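>>> sequence unknown, structure follows:
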């Protein structure tokens with residue numbers, strides 16, 4: 001599509017900075033730890049209803065916090081572009097919203113209520129200007145994103161129920177590149193146990209297996225696995241890995257411990273089957289447990305599958321065209337360092353997804369912030385991309 005300068009300017013003028021700030025502060029003002037994002041979802045639904053949108057609230061397997069769904073149809077044939085974001089935040093002390101110069105701070109301002117607000121403002125601009133010449137927009141917002149309290153279950157249900165577009169924009173705080181590849185991720189927790197009773201270390205039976213020794217052996221074997229995985233690499237995404245972040249054992253210094261546990265992550269590249277990843281991991285545990293005379297139980301939790309975006313996809317072309325119209329240049333392609341909802345769309349539905357949000361920082365801390373100027377830019381970019389992408393002619 002040839003983007004007329006008049007369309008670019010009209011949509012930019014329709015982005016209401018003050019309204020956008022209010023949307024962010026109201027969303028941040030509704031505390032929403034993962035699993036308890038109902039207040040934020042209710043707040044968003046109320047704002048959208050007040051703006052004249054028809055709002056759907058599918059439970060999608062989570063009755064405590066129904067999702068928020070809005071559809072805007074041009075009533076002319078074309079593609080459907082989805083704006084998708086999560087409303088839950090990690091479980092940290094709540095920080096209320098504040099406008100501090102050119103920034104908004106507070107819980108979720110960065111990750112990712114600011115981005116959701118920018119997508120909402122794009123939707124408003126499209127509605128007010130009637131600029132969508134063809135196709136439709138689907139806005140979805142949900143809970144259960146942040147691990148380990150959620151693992152994307154509500155979004156997975158929305159995707160399974162067919163509440164999806166032909167392509168997706170996700171306003172997570174990543175704006176320095178166009179991510180085209182990313183690793184899948186899982187968390188794991190392994191507990192090594194022995195059968196004997198608690199006992200003073202000088203009174204332990206001679207042949208009693210040692211759980212800390214078993215944990216040490218597992219550390220060594222996982223380090224070996226990580227070296228092997230490092231040879232499976234992608235030029236952009238990097239290497240596969242297994243990482244140990246915690247190890248704990250014992251209650252006091254001279255009691256022979258009954259259990260030792262380790263916790264960490266496993267990351268893999270596109271094209272690798274998640275079932276094979278888990279099978280490899282559990283096979284290694286069985287070998288270590290047998291050699292050390294202990295049991296080893298594992299909680300292996302998938303967060304998201306690996307991700308890939310084809311640069312020839314029409315979404316990429318439309319996005320880059322609009323990015324250039326606003327900034328004067330195209331965005332360089334690169335990796336996605338984290339897992340997000342784009343991994344789910346690609347893994348579950350082969351739906352192309354671009355992660356691009358506002359300049360922001362402090363995610364997963366109590367010092368989150370988002371740039372107001374960049375919120376305006378993202379809202380403009382999303383509205384313009386919708387116009388370019390949804391028109392299938």
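Received it, and whenever you're ready, just let me know what you need. For clarity, every value in this text was computed on a predicted model and none was experimentally measured.
>>> just checking, what packs against the helix or strand encompassing residue 118?
Per DSSP states H and E: residue 118 is located in helix 114-129. The helices and strands touching helix 114-129, judged by 3 or more Cβ pairs under 8 Å, 6 or more residues apart in numbering; DSSP states H and E, are helix 5-14, helix 17-28, helix 38-50, strand 68-73, strand 80-86, strand 136-142, helix 372-390. Bear in mind the C-beta positions are built from the backbone N, C-alpha and C, glycine included.
>>> ok, now with 7 Å
helix 5-14, helix 17-28, strand 68-73, strand 80-86, strand 136-142, helix 372-390 (3 or more Cβ pairs under 7 Å, 6 or more residues apart in numbering; DSSP states H and E).
>>> and for that helix, what's in contact with it?
10-11, 14-16, 19-20, 23-24, 27, 48, 51, 70, 72, 83, 85, 87, 104, 132, 137, 139, 141, 171-173, 357-358, 360, 370, 375, 378-379, 382-383, 386 (Cβ atoms under 7 Å, 6 or more residues apart in numbering).
>>> tilt between it and helix 38-50?
10 degrees (axes from the mean of the first three to the mean of the last three Cα atoms, to 10 degrees).
>>> which of the residues in helix 114-129 are buried?
For helix 114-129, a neighbour-count test (16 or more other Cβ atoms under 10 Å) marks 114-127 as buried.
>>> report pLDDT for the closest residue to residue 24 other than its chain neighbours.
Closest residue to residue 24 apart from its sequence neighbours, by Cβ to Cβ, 6 or more residues apart in numbering: residue 117 at 4.4 Å. pLDDT recorded at residue 117 is 98.
>>> does residue 387 touch residue 7 like I think?
Yes: counting by Cβ atoms under 7 Å, residue 387 touches residue 7, with 6.3 Å between them.
>>> doesn't residue 218 belong to a helix?
Yes: Residue 218 sits within a helix when classified using DSSP: H, G, I helix; E, B strand; the rest coil.
>>> ok, now which ones touch residue 174?
Neighbours of residue 174 in contact, by Cβ under 7 Å, 6+ apart: 336, 355, 356, 357.
>>> list just the nearest of those residues to residue 278.
residue 336 (22.2 Å; Cβ to Cβ).
>>> give me the neighbour count for the closest one.
26 (other Cβ atoms under 10 Å).
>>> so what's it up against?
Contacts of residue 336 (Cβ under 7 Å, 6+ apart): 174, 179, 181, 182, 307, 355.
>>> ok, and the most crowded of those residues?
Going by other Cβ under 10 Å, residue 182 tops these with 29 neighbours.
>>> now it: how far from residue 361?
In this view, residue 182 and residue 361 are 20 Å apart by Cβ to Cβ, to the nearest Å.
>>> likewise for residue 19?
Following Cβ to Cβ, the distance that separates residue 19 from residue 361 is 24 Å.
>>> again with residue 271
32 Å.
>>> more crowded one of those two?
Neighbour count, other Cβ under 10 Å: between residue 271 and residue 361, residue 361 has more, with 15 against 9.
>>> looking at it, the more buried one is touching residue 367, isn't it?
No: taking contacts as Cβ under 7 Å, residue 361 lies outside contact range of residue 367: 8.1 Å.
>>> not counting sequence-adjacent ones, nearest residue to the residue nearest to the spatial centre of the chain?
Taking Cα atoms, centre = their mean, the centroid of the chain lies closest to residue 340, which sits 2.4 Å from it. Nearest non-adjacent residue to residue 340, counting by Cβ to Cβ, 6+ apart: residue 172, 5.1 Å away.
>>> what does the pLDDT read for that neighbour?
97.
>>> how about residue 208?
pLDDT, residue 208: 87.
>>> quick one: the closest residue to it other than its chain neighbours from residue 259, how far?
What sits nearest to residue 208 in space, not counting adjacent residues and going by Cβ to Cβ, 6+ apart, is residue 196, at 5.3 Å. Note on residue 196: its distance to residue 259, by Cβ to Cβ, is 11 Å.
>>> out of the two, which sits in the more crowded spot?
Each of residue 196 and residue 259 has its neighbours counted (other Cβ under 10 Å); residue 259 has more, 19 against 12.
>>> can you read off the backbone torsions of the more buried one?
Main-chain dihedrals, residue 259, degrees, to the nearest 10: phi -150, psi 160.
>>> could you do residue 354 as well?
phi -110, psi 130.
>>> show me what it is bridged to.
residue 169 (DSSP bridges).
>>> what sits against it?
Residue 354 neighbours (Cβ under 7 Å, 6+ apart): 169, 170, 178, 309, 315, 319.
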